[in-house]
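Colleague: Turn this into a structure:
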Amino acid sequence: MNLFRSQNLALLVTCLCSKQLLCRGDGTERTEEGECKDPSNIRVVSEEELSGKVSKLGDEIWLAVLGEVYDVSAGSEYYAGEDGYGVFAGRDCSLAFVTGEFTLEECAKSLDELTAKQLVSLDQWKSFYVKHDKYEFIGLLEGRYYDKEGNPTTEMENVKEKIASVPRKKPAEGKS
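Modeller: From the prediction side, this is the model:
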């Protein structure tokens, strides 16, 4: 593995994801801080593989948000079928999480027109899947946001920069 990939994956572990995300379910050893000791074990999923995870006859249901793939089979009542959230199954429909337009056309669109605040909202949706007890992180989707080795693409770097540009609210100070 080249050093560039190793550095990008380490950055991904610490900056983009919760500490449990990249190790959940794969038995990877963690540091005391909860980070994966070997982030090179991150699986890279092809669009072809993801597209097959749409629960035909009770099979797995996977979706991707911002290029992170999750198994949402435990929520089949929401994600199975062709209506509503079913559009998320087997693809990355990041834009639809923000616009609420659950169509294949919306799923195919880029995030270029979203404001930084809208991207923060999208990042919060990703956090929903990260923190959900029943949904398991599978890996990174090769394509728009990650390359075949799991490195962030230019588009993902731009998304991260926009998200980072939004000022965060400071926690309320305790009353004296």
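Colleague: rest of the way, CA atoms for contacts and neighbours
Modeller: OK.
Colleague: Which of the three states applies to Asp133?
Modeller: coil (DSSP: H, G, I helix; E, B strand; the rest coil).
Colleague: Determine the number of other residues adjacent to it.
Modeller: By the criterion of other Cα atoms under 10 Å, Asp133 has 9 neighbours.
Colleague: Please list all residues in contact with the residue minimising distance to the centre of the chain.
Modeller: Nearest residue to the geometric centre of the chain (Cα atoms, centre = their mean): Glu68, 2.7 Å. Taking Cα atoms under 8 Å, 6 or more residues apart in numbering, we find Glu68 in contact with 137-141.
Colleague: Only the buried residues of stretch 78-95, if you could.
Modeller: Neighbour-count burial for stretch 78-95 flags 79-80, 85-95 (criterion: 16 or more other Cα atoms under 10 Å).
Colleague: can I get those in TSV with pLDDT?
Modeller: Conversion of these to TSV gives the following (pLDDT from 0 to 100):
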residue	pLDDT
Tyr79	92
Ala80	89
Tyr85	90
Gly86	89
Val87	90
Phe88	94
Ala89	93
Gly90	93
Arg91	94
Asp92	95
Cys93	93
Ser94	95
Leu95	94
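Colleague: Quick check: helices, which of the residues you listed are part of them?
Modeller: 79, 94-95 (DSSP state H).
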